[in-house]
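S.K.: Let me see the structure of the following:
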Amino acid sequence: MNPTGLLRSFNFLYFALLAMFIPFLPVYLDKQGLNPAQIGFIVGSGGIITLIAQPLWGMISDRTKTVRKVLLFLLLCSSAVGYLLYASSSYAVLVMFAMLLYFFLMPIDPLTESLNFRISEVSGVSYGSIRTYGALGYGVMALCSGYFMSYLGAHSLSYLFAGLGLISFLIIWKMPDAPVTGKPVTLASLKNFLGNRETLLFLVLVFISSVPARMNDTFLGVYITELGGSSELVGQAWFIAAGSEIAVFALSFWWLKKGKELIIITAAGAFYFIRFFLSAWVSDPHALAYLQILQLLTFPIFYSAAIQYLYSIVPEEWRATGQTVLALLFFGVSGIIASYAGGAVYEAFGGKTLYLSVSAMSLIGMLFGLVLARRYGGKVRSADS
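M.R.: All right, here's what the predicted structure looks like:
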């Protein structure tokens, strides 16, 4: 199998692992008897670990000029820790293994996206044609995980997680490494990137928009369960969400135009607002699950445009680290605030108030996006220009 085919297979399997972790960890913890505040504490603390781990592994990859070897190590550790996490019930043990899994599993995401972008450029295929398989893997495994938990018990996820992790390891073992730039990695180039006003404002936009998205990711399953839904329905909700991404990623070559990224991101922010505002008023768990179809107008559009915009302004030799910074904001820093604050709001006021709050934050993100699009939008450039 050629590198592109292997990478598509890896995307399917890695995002299947994420589907068992991001949406189903809160559901699993809920089934172990933890309350929303405790769940928020674990997920929020995991965000702190991610805050440390993602830049650490991203810089290791840039410094050593290898993505493949770093991925092999992280996958092996993730497989073992994931098995132990989903085989555990004690609160203290759950905290320990969850933190370890955040340390090993979450840094794989920006490295994978970097690999996707680099190999797509070299192979002459669109980024979306590779990333589509990640959305497919996420959707399929979200659906399967719900049924596994319902029929085989929550602890059955331990065997499923470890098995998929090891298969992912074997696929990366067969892959060649990502092409690397010949430019030297210098702290000066990174300082110039992070010191640019446009870059900083863009990262602020990503942060504002990602906090409500992470709150939804953390508490959607808990909210569906509270409304009377089952683990199967949680899986179906995430299947609908992830499945809707497939066509969007596959057609990214058509709708993702250079120079239009900021206005595209702003449009996705508007649909985030609509999605979360409607979620606040839904009282039927099935209706809430079906509402996740709006994912096709939010995350895949927002994240694809953000990656393309980032790669147009980040120095070539710091692309893996730049991708890590983006993922750090979208999944790390925002996840800390989303989990701690979201858990506290949910515990005190309930799911409706939580979703009204996140819809208001999405509206702020949309308005800030309009400001940036007016100021910086329409420019077609590259990091090397």
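
S.K.: Might you report the residue contacts of the residue nearest to Gln236 when sequence neighbours are not counted?
M.R.: Leaving aside its chain neighbours, Gln236 sits nearest to Ala289 (5.5 Å; criterion: CB to CB, 6 or more residues apart in numbering). Bear in mind the C-beta positions are built from the backbone N, C-alpha and C, glycine included. When contacts are counted by CB atoms under 8 Å, 6 or more residues apart in numbering, Ala289 touches Ile224, Gly229, Leu233, Val234, Gln236, Ala237, Ile240.

S.K.: Report the secondary structure state of the second one.
M.R.: Classification of Gly229 into helix, strand or coil gives coil, according to DSSP: H, G, I helix; E, B strand; the rest coil.

S.K.: Any figure for the gap between the closest residue to it other than its chain neighbours and Leu7?
M.R.: Closest residue to Gly229 apart from its sequence neighbours, by CB to CB, 6+ apart: Pro285 at 3.2 Å. Between Pro285 and Leu7 the computed distance is 37 Å (CB to CB, to the nearest Å).

S.K.: More neighbours: these two, which one.
M.R.: Leu7 (27 against 19; other CB atoms under 10 Å).

S.K.: Could I get the contacting residues of that one?
M.R.: Leu115, Asn116, Ile119, Ile130, Met175.

S.K.: Heading C-terminal from the helix or strand containing Gly58, find the next helix or strand.
M.R.: Using DSSP states H and E, Gly58 sits in helix 36-64. Using DSSP H and E, the helix or strand that follows helix 36-64 in sequence is helix 68-85.

S.K.: The residue nearest in space to the middle of the chain and Phe10, how far apart?
M.R.: The residue lying closest to the centre of the chain (CA atoms, centre = their mean) is Phe331, at 5.7 Å. Computed as CB to CB, the Phe331 to Phe10 distance reads 19 Å.

S.K.: before we move on, back to that, what separation do you get for the residue nearest to Gly229 and Gln236?
M.R.: 10 Å.

S.K.: Trp281: neighbour count?
M.R.: 10.

S.K.: what's the nearest residue to it if we skip its chain neighbours?
M.R.: Lys352 (7.5 Å).

S.K.: how about Ile22, phi and psi?
M.R.: phi -70, psi -60 (degrees, to the nearest 10).

S.K.: lowest-pLDDT helix or strand in the protein?
M.R.: helix 187-194 (a mean of 62; mean pLDDT, DSSP states H and E).

S.K.: how about low-confidence regions in the stretch 251-385 of the chain?
M.R.: 315-324, 378-385 (pLDDT under 70).

S.K.: can you pull out the helices in it?
M.R.: Using DSSP state H, counting those that start in this stretch, the helices of the stretch 251-385 of the chain run over residues 252-255, 261-281, 285-290, 299-313, 319-327, 334-349, 351-376.

S.K.: which of those sits most buried?
M.R.: Highest mean neighbour count among these (mean count of other CB atoms under 10 Å): helix 319-327, with a mean of 26.

S.K.: any idea of the mean pLDDT in stretch 109-116?
M.R.: On average, the pLDDT along stretch 109-116 is 84.

S.K.: mind listing what Ile60 touches?
M.R.: Ile60 neighbours (CB under 8 Å, 6+ apart): Val70.

S.K.: ok, now how distant is it from Ser209?
M.R.: Ile60 is 28 Å from Ser209, by CB to CB.

S.K.: cool, and Phe148?
M.R.: On the measure of CB to CB, Phe148 and Ser209 end up 32 Å apart.

S.K.: And for Thr50?
M.R.: For Thr50, the distance to Ser209 - CB to CB - is 18 Å.

S.K.: same check, this time on Leu34
M.R.: Relative to Ser209, and taking CB to CB, Leu34 is found at 28 Å.

S.K.: Compare these two (neighbour count), which wins?
M.R.: Ser209 (28 against 18).

S.K.: Which helix or strand contains the more buried one?
M.R.: Assigned by DSSP H and E, Ser209 falls in helix 197-226.
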